[in-house]
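**Q** the following comprises the amino acid sequence and a computationally predicted model.
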Amino acid sequence: MTETITKVREVKLFINGKYVESSANQLFEVKNPATQEVIAHVHEATADDVDQAARAAREAFENGPWRTMPLSERCNKIRRMAEIIIERKEELARLEALDVGKPYTVALEREIPRAAHNLSFFADFMEQQGGEVYPMEDYINYTRYEPVGVAGLITPWNLPLMLTTWKLGPCLAAGNTAIIKPAEVTPLTVSLLGEIAKEAGIPDGVVNVVHGFGGGSTGEYMTTHPEIDLISFTGETSTGKAIMKNGADTLKKVSFELGGKAANIIFEDADLNKAIPVSIQAAFMNSGQVCLAGSRILVQRTILDKFLEQFKAAAAALVVGDPQNPTTNMGPVVSKEHYEKVTSYLDIAREENSTLIYGGKRPELPDYLNTGYYLEPTIYLQENPNARICQEEIFGPIVTIIPFDTEEEALSIANATDYGLNGIVWTENLTRAHRISHKVRAGTIWVNCWFVRDLRAPFGGFKKSGVGREGGHHSLEFFTEAKNICINL
Ligand code: NAD
């Protein structure tokens, strides 16, 4: 490993255009999940620090040039941020691989470019927006979409830069100012967004980054702060509930992207040459730490044996190893705490009489990775769709195969969950594809594909998987206030 990877970094807060230290000198450690080495000492934002950030963001919103500058100028600066991300993509991918444990090549080829695209897409999209006009006999109404104010953007650890820019793009394009809080276990790439914004010419105070934990720490200080007008949050369903309660007194506008437990339904007429490799991705990409993971694989019983054999062989072919190594397909899970949660499901699966098809233990790895939080890609077969491994979001490299006989049965299993983020359907029967897509209660349905994203399309969850939608004009609506102007002619 190179020096740039192994050195221990000091990560500061970025408030009003400058790196600053925690006012109480509170620092916490971040570890490399592949080795448990400490890779960063991070300044934790106290209530005072969050207050400083909120005041800076408020001042930049009310009195700075950001929201009133010509739209093209604002969007050019956002596009410049995207270019800087691409210019720094190797560094950002290394950092993302280092603190998340995801394969470097995946970060380099997919996630960092997508992070840049999130910004440039919303800059371009904003420039295309018009408004509504409603003429009356003697009056005319027209609508303006104005920024809301100071936005709190709180993001999880699984796709740090990609999910943060997915919020920051529309937030800035609409003319808001932002306080970003990345997850405490993976702050490295997001910590650079303040300096990248500054280098792109975005005025001080518009993009602030604070670090810390959730309840009783930085996250809660943000969600209760009177100067923060809205919270865009991605993370666990239980955290969404806490944020909604904490934000109630200051009546914050909220948008939540929460957990998932997607059904990946494989009918007997599916093209398994496509379904198997994509289902492997849906199960084990990012070590299964993807909200959209296809973690419940519903397989029609007539093809069960064939599917099990091929799916198992494909899982066995995945290279589990050092995230920095270009040939690695799957790294560790993100942290000790999360490893303990994920591996507790091995015992739960045993107690529930699930049949282990593949995995279930630490993989054989070189000595230097022996302390990493690794688990083999793990596959269970379970007949009972109400078993805990079929119902709870494990968020790790564990999937469950649930057999079914009829279409009705598949639908009823797919919908028997509190979550509703997405669903996946594999069939060559066009009418069945539509029928199932209409009946699965989830925000996104992928037919014969997975993880294909058009940034204009709505994205979000039914049921306990979210509140509101992101994507295209859905994002812009959240980050703006609609104003109607009525003129007497
Ligand atoms: P998490 O909810 O534990 O943490 C997410 C963020 O919220 C972190 O920055 C954390 O510090 C902060 N936080 C925690 N408690 C808080 C509180 N009381 N007040 C304010 N902030 C608080 O989630 P995680 O473990 O980082 O991420 C995994 C979860 O995210 C999974 O459930 C996954 O499904 C979900 N997720 C959803 C989507 C989506 O688009 N729907 C995308 C990615 C991840």
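**A** Arrived safely.
**Q** please list the outside residues in contact with the strand or helix carrying Ser120.
**A** Secondary structure from DSSP states H and E places Ser120 in helix 112-127. By Cβ atoms under 8 Å, 6 or more residues apart in numbering, the list of residues contacting helix 112-127 from outside reads 71-72, 74-76, 78-79, 81-83, 85-86, 89, 92-93, 96, 161-162, 164-166, 168-170, 172-174, 455-456, 472-473, 475-476. Backbone N, C-alpha and C define where each C-beta goes, glycine included.
**Q** all the helices of the stretch 1-150 of the chain, in order from the start?
**A** Ranges of helices within the stretch 1-150 of the chain are 3-6, 47-62, 71-87, 89-100, 104-106, 112-127, based on DSSP state H, counting those that start in this stretch.
**Q** by proximity to the ligand, which residue of the stretch 51-200 of the chain wins?
**A** Taking Cβ to the nearest ligand atom, the ligand has its nearest neighbour within the stretch 51-200 of the chain at Pro156, 3.0 Å off.
**Q** quick one: contacts for the spatially closest residue to that residue that is not a sequence neighbour?
**A** Closest residue to Pro156 apart from its sequence neighbours, by Cβ to Cβ, 6 or more residues apart in numbering: Gly235 at 4.4 Å. When contacts are counted by Cβ under 8 Å, 6+ apart, Gly235 touches Ile154, Thr155, Pro156, Ala183, Glu257, Leu258.
**Q** ok, for the fourth one, nearest residue in space, not its chain neighbours?
**A** To tie it back to what came earlier, the one meant is Ala183. Nearest one to Ala183, counting by Cβ to Cβ, 6+ apart, is Trp157 at 3.7 Å.
**Q** quick one: pLDDT of the one you found?
**A** Per-residue confidence (pLDDT) for Trp157: 98.
**Q** quick thing: my sequence starts at 59, can you match it?
**A** That works, and once the first residue is 59, the last one we named lands at Trp215.
**Q** helix, strand, or coil at it?
**A** Following DSSP: H, G, I helix; E, B strand; the rest coil, Trp215 is assigned to coil.
**Q** what about Cys507, neighbour count?
**A** 12 (other Cβ atoms under 10 Å).
**Q** angle of the helix or strand hosting Ala540 against helix 170-185?
**A** If you go by DSSP H and E, Ala540 is part of strand 538-546. Counting by axes from the mean of the first three to the mean of the last three Cα atoms, to 10 degrees, strand 538-546 lies at 10 degrees to helix 170-185.
**Q** could you dump the helices of the stretch 59-208 of the chain to TSV with mean pLDDT and mean neighbour count?
**A** TSV is the format used below for these (pLDDT from 0 to 100; neighbours: other Cβ atoms under 10 Å):
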stretch	mean pLDDT	mean neighbour count
helix 61-64	54	11
helix 105-120	98	21
helix 129-145	98	18
helix 147-158	97	24
helix 162-164	96	20
helix 170-185	98	23
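**Q** output the ones you listed as CSV; include the columns distance to Thr201.
**A** Supplementary listing: these in CSV, determined by distance: least, Cβ to Cβ, whole Å:
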stretch, distance to Thr201
helix 61-64, 50
helix 105-120, 21
helix 129-145, 16
helix 147-158, 38
helix 162-164, 42
helix 170-185, 15
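**Q** from Asn480, how far off is the residue lying closest to Gly478 once chain neighbours are set aside?
**A** Nearest residue to Gly478 in three dimensions, chain neighbours excluded: Phe520, at 2.9 Å (Cβ to Cβ, 6+ apart). Using Cβ to Cβ, to the nearest Å, Phe520 is found at 10 Å from Asn480.
**Q** where does pLDDT dip in this protein?
**A** Within the chain, the segments meeting pLDDT under 70 span 59-64.
**Q** list the residues that contact the most centrally placed residue in it.
**A** Closest residue to the average C-alpha location of the chain: Leu221 at 4.5 Å, with Cα atoms, centre = their mean. The contact partners of Leu221, taken as Cβ under 8 Å, 6+ apart, are Thr213, Pro214, Thr292, Glu315.
**Q** can you tell me the SS state at it?
**A** Leu221 - assigned by three-state DSSP - is helix.
**Q** run the chain-centre distance for the strand holding Ala540.
**A** Distance, stretch centre to chain centre, for strand 538-546: 34 Å (Cα atoms, centre = their mean, to the nearest Å).
**Q** stretch 152-165 too?
**A** On the basis of Cα atoms, centre = their mean, stretch 152-165 is displaced by 15 Å from the centre of the chain it belongs to.
**Q** now do the residue nearest to the centre of the chain against Tyr192, distance only.
**A** For Leu221, the distance to Tyr192 - Cβ to Cβ - is 37 Å.
**Q** same check on Asp327?
**A** The gap separating Asp327 from Tyr192 is 49 Å, by Cβ to Cβ.
**Q** then Ala151?
**A** From Ala151 to Tyr192 the distance is 48 Å (Cβ to Cβ).
**Q** and if you look at Val357?
**A** 52 Å.
**Q** who has more neighbours out of the two?
**A** Between Val357 and Tyr192, Val357 has the larger neighbour count (other Cβ under 10 Å), namely 27 against 11.
**Q** how about that one, phi and psi?
**A** When read as degrees, to the nearest 10, the backbone of Val357 gives phi -120, psi 130.
**Q** give me the beta-bridge partners of it?
**A** With DSSP bridges as the criterion, Val357 is bridged to Ile324, Pro461.
**Q** wait, what's in contact with it?
**A** Contacts of Val357 by Cβ under 8 Å, 6+ apart are Ile324, Phe365, Leu366, Ile459, Ile460, Pro461, Phe462.
**Q** can you rerun that using 6 Å?
**A** Ile324, Phe365, Ile459, Pro461 (Cβ atoms under 6 Å, 6 or more residues apart in numbering).
**Q** ok, back up a step: shared neighbours of Phe520 and Asn480, anything?
**A** In contact with both Phe520 and Asn480: Ala500, using Cβ under 6 Å, 6+ apart.
**Q** tell me which of these two has more neighbours.
**A** Applying other Cβ under 10 Å to Phe520 and Asn480 shows that Asn480 carries more neighbours, namely 28 against 17.
**Q** so what sits opposite the more buried one in the bridge?
**A** Bridge pairing for Asn480 - DSSP bridges - gives Thr502.
**Q** dump the residue contacts of it.
**A** Taking Cβ under 6 Å, 6+ apart as the contact definition, Asn480 lies against Ala320, Leu350, Ala500, Thr502.
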